[in-house]
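Undergrad: Sharing a model that was predicted from the sequence below.
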Amino acid sequence: MRKKIGLILRKAMGGDAEVSIPENEKFGHYSTNVAMKLARGKKAAPRQRGEPCPAGRGNSLELAAELAAKIEKSAPAGFFEKVEVAAPGFINLWVSKKILRDELVSIFRQKERYGRSDVGRKKKVIVEYSSVNVAKPMHVGHLRSTVIGDALANVLEFAGYKVIRWNYVGDWGTQFGKLIAAYKRWGRKSEVEKSPIGELLSLYVRFHKKEVENPIFLKEGQEEFMKLEAGDKENRKLWRWFSKESMEEFKKVYGILGVKFDVVLGESFFEPFLKPLVERLYKKKIATESEGALVVNFDKFSAKKGLPPALVQKSDESSLYLTRDIANLEYRIKKYKPSGIIYVVGNEQALHFEQLFAIAGIIRLKNTKLAHVKYGLVLGEKGKKLSTRGGEAIQLEELLRKSVGLAGKIVEQKNPKLKAREKNAIAEAVGVGAVKYNDLKENRMSDIYFDWDKMLDFSGDSAPYIQYTHARLRSILRKAHKASGIQYPSFAKASVGKQVSSLDTDIEMALIRKIAEFPETVRRSAENFFTNNIARYLYELANLANKYYESTPILTDKNVDRRNVRLMLINSVAVVIKNGLGLLGIKAPEKI
Ligand code: ARG
């Protein structure tokens, strides 16, 4: 709807204008401040001597009146119910009921496709997320990356991009030398098999403690890593085994979260690319020598001045995280020719990505847009401190199971008669949904924490509340189906055109306008890589929907035509809620 209005405004004034939705309907269903913007622009223009100073306010109000008249003229007949000018220069617009009803019919007919677009024009984008490290627990930071990245990948796909979901696994680096050394000293196969990540982590921690006391250990770790890099059979075998065991464990978490990847490629894959890469950087004088190491000194490249120098090869010639990322980037561009790459990685790696992107600019990897999609910290559970250091890592699987368990208790209370299998499926959808929504509803730059009461509050700003609203709408539709035999999703075949005029109340119109905001909401999210606007949107839509069926008779409406279109309206709401939750990676069960 907002897009339609934008088009009308463009036609009226020959330029783009921003359309907003006022909090309060008395300032219009939609509103634009374009007159004020234009008046401000005019004021800045040079004046002739003696020309009176334009009075900013009066000016924009006049301009607004002029534009309002043009808008009314160029809008299709009967589009606006009212166009009003308000000080200091707003143009407020009210869309007519007829237009809103038509919009609903069109939305209803589009069903699940509603809100999809082709703004992406099938362009390829790589969305890199999760990017766990093998032989280490997947921590809550990785959880955020996984949840945010998966949602953004969904949103971009919905917006018409061809998305490649990429898990860039951390499976290389000097820490593997230490781990191998530790395993050779103290490790036992059966222990690793029993609990791979727990055991590998404790070996690593034990080694690290020793290393602080005794430099022999440090040397031993370095040597084992050199052997690994050189292709030593035994070390390779151990490393492959560690990776495999850890990936098996991560898969459990991915299974619970319901996320999938198109490409799972480790840092180790890029090892063979590094030597030639570093040589190339050196030959082209992009990297220079400094105390035996190689660095990129950004001060030499005028556009990148001020960035601290980046190390691309250590003095012992061992490779680095950054160098692997450069190789990775070149590889991706060559192989996939993506129009963009999105890295969903915590805020604390901001400098790393600034340096990576600066180097990409210097070596002219230009046609691909690069974005570091950052996010804040996880502060832990409400009232508890979270620590991932020193081995007392918070277990992700445990955390998710806790949420599912708590959800299960509520489902049991609400719906004790359901079969156990059904109850479990619902509890999983609700528990996992609660964790995801808790993250996705915030501006991702904020730190988050887990407040179980709030996350699982069936009447608050939570996934369960939205899921529950959806389930209630579905239950009304099921009952209607039982009573009349009409399958509401295929109701479009009836002569809705005429019947729809019986939708008339304020809340019905508000609900239609809200549904009509879905495409714009998705488009914005695909543009700025934030998800909180989608969450907010779904919450507001659910609020309205609840208000609607609590205040309006639907199944009991004696007027059959009106009952039918009311059912059509809530069917459309249910479809949008389900679709919107789906974008956030959250399931919408039929029953709760
Ligand atoms: N594995 C890294 C970590 O856990 C994150 C990798 C981020 N992606 C990248 N291309 N550097 O910290």
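TA: On my side now, so go ahead. Numbering: from 1, shown residues only.
Undergrad: Name the surrounding residues that touch the strand or helix carrying Tyr204.
TA: Tyr204 belongs to helix 196-213 when assigned by DSSP states H and E. Residues from elsewhere that reach helix 196-213 (Cβ atoms under 8 Å, 6 or more residues apart in numbering): 135-137, 175, 178-179, 181-183, 185-187, 191-192, 217-218, 221, 242, 245-246, 248-249, 390-391, 393. Just so you know, the C-beta spots here come from the backbone N, C-alpha and C atoms, and that holds for glycine as well.
Undergrad: Using neighbour counts, trim these to the buried set.
TA: 135-137, 175, 178-179, 181-183, 187, 192, 217-218, 221, 242, 245-246, 249, 393 (16 or more other Cβ atoms under 10 Å).
Undergrad: Next step: the contacts of helix 196-213 restricted to helices.
TA: Judged by DSSP state H, helices contain the following of the contacts of helix 196-213: 175, 178-179, 181-183, 185-186, 191-192, 217-218, 221, 242, 245-246, 248-249.
Undergrad: could you dump the helix holding Tyr204 to PDB, C-alpha only?
TA: C-alpha atoms of helix 196-213 as PDB (Å, rounded to 0.1, in the frame of the first residue of the first chain):
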ATOM      1  CA  PRO A 196      33.900 -34.800  21.800                       C
ATOM      2  CA  ILE A 197      33.600 -31.100  22.400                       C
ATOM      3  CA  GLY A 198      33.700 -31.300  26.200                       C
ATOM      4  CA  GLU A 199      36.800 -33.500  26.200                       C
ATOM      5  CA  LEU A 200      38.700 -31.600  23.500                       C
ATOM      6  CA  LEU A 201      38.000 -28.400  25.300                       C
ATOM      7  CA  SER A 202      39.200 -29.700  28.600                       C
ATOM      8  CA  LEU A 203      42.400 -31.000  26.900                       C
ATOM      9  CA  TYR A 204      42.900 -27.600  25.400                       C
ATOM     10  CA  VAL A 205      42.300 -25.800  28.600                       C
ATOM     11  CA  ARG A 206      44.700 -28.100  30.500                       C
ATOM     12  CA  PHE A 207      47.400 -27.500  27.900                       C
ATOM     13  CA  HIS A 208      46.900 -23.800  28.000                       C
ATOM     14  CA  LYS A 209      47.400 -23.700  31.700                       C
ATOM     15  CA  LYS A 210      50.700 -25.600  31.400                       C
ATOM     16  CA  GLU A 211      51.800 -23.300  28.600                       C
ATOM     17  CA  VAL A 212      51.600 -20.300  30.800                       C
ATOM     18  CA  GLU A 213      53.900 -21.900  33.300                       C
END
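Undergrad: Briefly note if that helix comes near the ligand.
TA: No: Helix 196-213 does not reach the ligand (Cβ under 6 Å from any ligand atom); its nearest approach is 13.8 Å.
Undergrad: And that helix, what's buried?
TA: 196-201, 203-204, 207-208, 210-211.
Undergrad: Next: stretch 68-80.
TA: For stretch 68-80, the neighbour count (16+ other Cβ under 10 Å) marks 68, 71, 75, 79-80 as buried.
Undergrad: who touches that stretch?
TA: 8-9, 11-13, 83-85, 91, 93-96, 98-99.
Undergrad: Just the buried residues of the residues you listed.
TA: Buried members of those, scored by 16+ other Cβ under 10 Å, are 8-9, 12-13, 83-85, 91, 93-96, 99.
Undergrad: Return the member of these nearest to the ligand.
TA: If you rank the buried ones among the contacts of stretch 68-80 by distance to the ligand using Cβ to the nearest ligand atom, Leu9 comes first, at 41.9 Å.
Undergrad: what's the residue in the stretch 451-592 of the chain that the ligand sits nearest to in contact with, if anything?
TA: Of all residues in the stretch 451-592 of the chain, Phe529 sits closest to the ligand, at 15.5 Å by Cβ to the nearest ligand atom. Listed by Cβ under 8 Å, 6+ apart, the contact set of Phe529 reads 152, 342, 371, 373.
Undergrad: Could you identify the most distant pair in the residues you listed?
TA: Using Cβ to Cβ, these span at most 10.0 Å, a distance reached by Leu152 and Ala371.
Undergrad: Identify the contacts common to those two.
TA: Overlap of the contact sets of Leu152 and Ala371 (by Cβ under 8 Å, 6+ apart) consists of 342, 529.
Undergrad: for the stretch 401-550 of the chain, what spans make up the helices?
TA: Taking DSSP state H, counting those that start in this stretch, the helices of the stretch 401-550 of the chain run over residues 420-440, 452-455, 463-484, 496-499, 506-515, 518-528, 532-551.
Undergrad: got a markdown table for the ones you listed, with mean neighbour count too?
TA: What follows is the helices of the stretch 401-550 of the chain, written out as a markdown table (neighbours: other Cβ atoms under 10 Å):
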| stretch | mean neighbour count |
| --- | --- |
| helix 420-440 | 22 |
| helix 452-455 | 16 |
| helix 463-484 | 20 |
| helix 496-499 | 15 |
| helix 506-515 | 19 |
| helix 518-528 | 20 |
| helix 532-551 | 18 |
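Undergrad: which stretch among these comes nearest Asn297?
TA: Checking the helices of the stretch 401-550 of the chain against Asn297 by Cβ to Cβ gives helix 518-528 as the closest, at 33.1 Å.
Undergrad: Need the residues that contact that closest one.
TA: In this structure, residues lying in contact with helix 518-528 by Cβ under 8 Å, 6+ apart are 1-3, 114-115, 117, 119-120, 152, 155-156, 158-159, 161, 530-531, 533-534, 537, 576, 579-580, 583.
Undergrad: about what we covered before: between Leu152 and Ala371, which is the more surrounded one?
TA: Taking other Cβ atoms under 10 Å, Leu152 and Ala371 do not tie; Leu152 has more neighbours (27 against 16).
Undergrad: Which SSE is immediately downstream of the host helix or strand of that one?
TA: Following DSSP H and E, one finds Leu152 within helix 140-158. Scanning forward in sequence from helix 140-158 by DSSP H and E, the next helix or strand is strand 162-169.
Undergrad: thought Tyr449 was touching Leu377?
TA: No: shown here, Tyr449 and Leu377 do not form a contact pair, counting by Cβ atoms under 8 Å, at 9.1 Å.
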